[in-house]
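**Student:** missing the sequence, but the structure's below:
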C-alpha cells in the first residue's frame, strides 16, 4: 500500500476535462456515464452535451480516449469543447445551429487506462474489441482480438461475460441519445495506425457493405468539396483489416430502422510522427502521440474543421440526405468507389 502513495491521483487530460466542465457549466448538461476504480483511484466517465432538447433533433457525438495510450484523441475532443465554450459567449451562428442540433462530447472513455498509461482498461480488456460479435473471416493474429488472456495485447475479455463498464456505458449513450434519433453521427478519435490520417466507417467485422453506404458517400463527397486538401483516407475499416468485437459495428447493427446512425473513427497516423522523431519509439506515449509541442498544436488545428463540418452536416441534413432515385445513384457510385472489382 505504501507504493501506491507515489502514484498520481489524477492525470492532465482528466483535470483539463473537469476544468472545462466547470467553465462550461452554464451551457453544458454534464453527467457521469459510469465510474471506474483503479488502484484505489476512482474516475468518472463524463459526458457533456449542449444544444436542442428535441429528442428527434439530429445529433453528433465526439469520443476520445477509448485506448488509454492515445491521449491525442482525447485532447482533440477537449479542444473542441474549449472552442464551444468560447464561441457560445458570442457566436450567434453557433447558437442558431444548437437550436436544431444536439452535440455530445465524451473525451475520456477509458480514464483508468489513461491514468495507468495502458491501451486496455484496468482489467486488461481492449475496449474496441469487447463487443460480442465475431468477424466473418480471418482477422490478424492477436490484433484482430484474442481471448487467450489479458497478458497479451488486444484482449477481448472472456466469452459470454458482460461487456466492460466503459464499453457498456458508451453503447448506452449510443442507444439512448444517438441511435434513437432519425439522424446522428459519432466520431471516435484514435491514433497509432499508418503514415496518414484516416476516417474509417463500418464494417470492421465483414467486407460486406454497410446498409447506409449512400449516406456515407454523400458525407464524404460534401467534406471533400468543402475541404479539398484534407488529406484523409476515407474508407470502410475492412479495407485495412477485420477484427472481432468492434463497438461501432455493434452499435450500428443495433440501430433501429429507419433511423440513420453513421459512426466514424478518426485514425491519426502516428507513424509519421515517429519518422520525424524516431526517439519516440522508446516511449510508450510517444508511439501514439505527437510528443513535440508544435506537432501537437498542428494536429489540434488540423482536425478542427472535421468536427465543425459534422455539426454543420447534421444541421443541414434535409438538404443532402439522399432519397429515392438519387439514393440509388449514390449507392452505385459508392460501390464503384469503395468496392469496385479491382479491389478484390
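**Tutor:** Thanks, I have it. Fair warning: this is a prediction, and the values are worked out from it, not measured in the lab. Numbers count the residues shown, from 1 in each chain.
**Student:** Pull up the gap between residue 153 and residue 246, please.
**Tutor:** 16 Å (Cβ to Cβ, to the nearest Å). For every residue, glycine as well, the C-beta is placed using N, CA and C.
**Student:** more neighbours, these two?
**Tutor:** Counted by other Cβ atoms under 10 Å, residue 153 and residue 246 do not tie: residue 246 has more neighbours, with 27 against 13.
**Student:** Identify the residue spatially nearest to the more buried one, adjacent ones excluded.
**Tutor:** residue 204 (3.9 Å; Cβ to Cβ, 6 or more residues apart in numbering).
**Student:** Hmm, that neighbour is touching residue 235, no?
**Tutor:** No - judged on Cβ atoms under 8 Å, residue 204 makes no contact with residue 235 at a distance of 11.6 Å.
**Student:** more crowded one of those two?
**Tutor:** residue 204 (29 against 16).
**Student:** Next one: that one relative to residue 210, how far apart?
**Tutor:** From residue 204 to residue 210 the distance is 11 Å (Cβ to Cβ).
**Student:** Just the buried residues of stretch 97-114, please?
**Tutor:** Neighbour-count burial for stretch 97-114 flags 97-98, 101-114 (criterion: 16 or more other Cβ atoms under 10 Å).
**Student:** what are the ranges of the strands in the protein?
**Tutor:** Along the chain, counting by DSSP state E, strands occupy 29-38, 41-51, 59-64, 102-106, 183-191, 198-201, 233-236, 260-268.
**Student:** Just send these back as CSV, with mean pLDDT and distance to residue 311 too.
**Tutor:** Converted to CSV, those look like this (pLDDT from 0 to 100; distance: least, Cβ to Cβ, whole Å):
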stretch, mean pLDDT, distance to residue 311
strand 29-38, 96, 17
strand 41-51, 97, 9
strand 59-64, 98, 5
strand 102-106, 98, 6
strand 183-191, 96, 9
strand 198-201, 96, 16
strand 233-236, 96, 18
strand 260-268, 95, 13
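**Student:** winner for burial among those?
**Tutor:** strand 59-64 (a mean of 26; mean count of other Cβ atoms under 10 Å).
**Student:** Give the other helices and strands that that strand contacts.
**Tutor:** Other elements packing on strand 59-64 under the criterion 3 or more Cβ pairs under 8 Å, 6 or more residues apart in numbering; DSSP states H and E are helix 71-88, strand 102-106, strand 183-191, helix 304-315.
**Student:** Pipe the ones you listed into CSV and attach distance to residue 143 per row.
**Tutor:** Shown next, in CSV, are those (distance: least, Cβ to Cβ, whole Å):
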stretch, distance to residue 143
helix 71-88, 19
strand 102-106, 25
strand 183-191, 14
helix 304-315, 26
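**Student:** Quick check: which of those is nearest to residue 255?
**Tutor:** Nearest of the helices and strands packed on strand 59-64 to residue 255, taken as Cβ to Cβ: strand 183-191 at 8.7 Å.
**Student:** Give me the distance from that closest one to the chain's centre.
**Tutor:** 4 Å (Cα atoms, centre = their mean, to the nearest Å).
**Student:** Okay, now the sheet partners of it, with direction.
**Tutor:** Using DSSP bridges, the neighbouring strands of strand 183-191 in the sheet come out as strand 59-64 (parallel), strand 260-268 (parallel).
**Student:** what does the shortest one rub up against?
**Tutor:** Applying Cβ atoms under 8 Å, 6 or more residues apart in numbering, the external contacts of strand 59-64 come out as 51, 70, 73-78, 80, 101-109, 170, 173-174, 177-178, 181, 183-189, 307, 310-311, 314.
**Student:** Then the longest one?
**Tutor:** For strand 260-268, the surrounding residues in contact (Cβ under 8 Å, 6+ apart) are 72-73, 76, 174, 178-179, 182-194, 197-202, 212, 215-216, 219, 237, 248, 251-252, 255, 299, 303, 306, 321.
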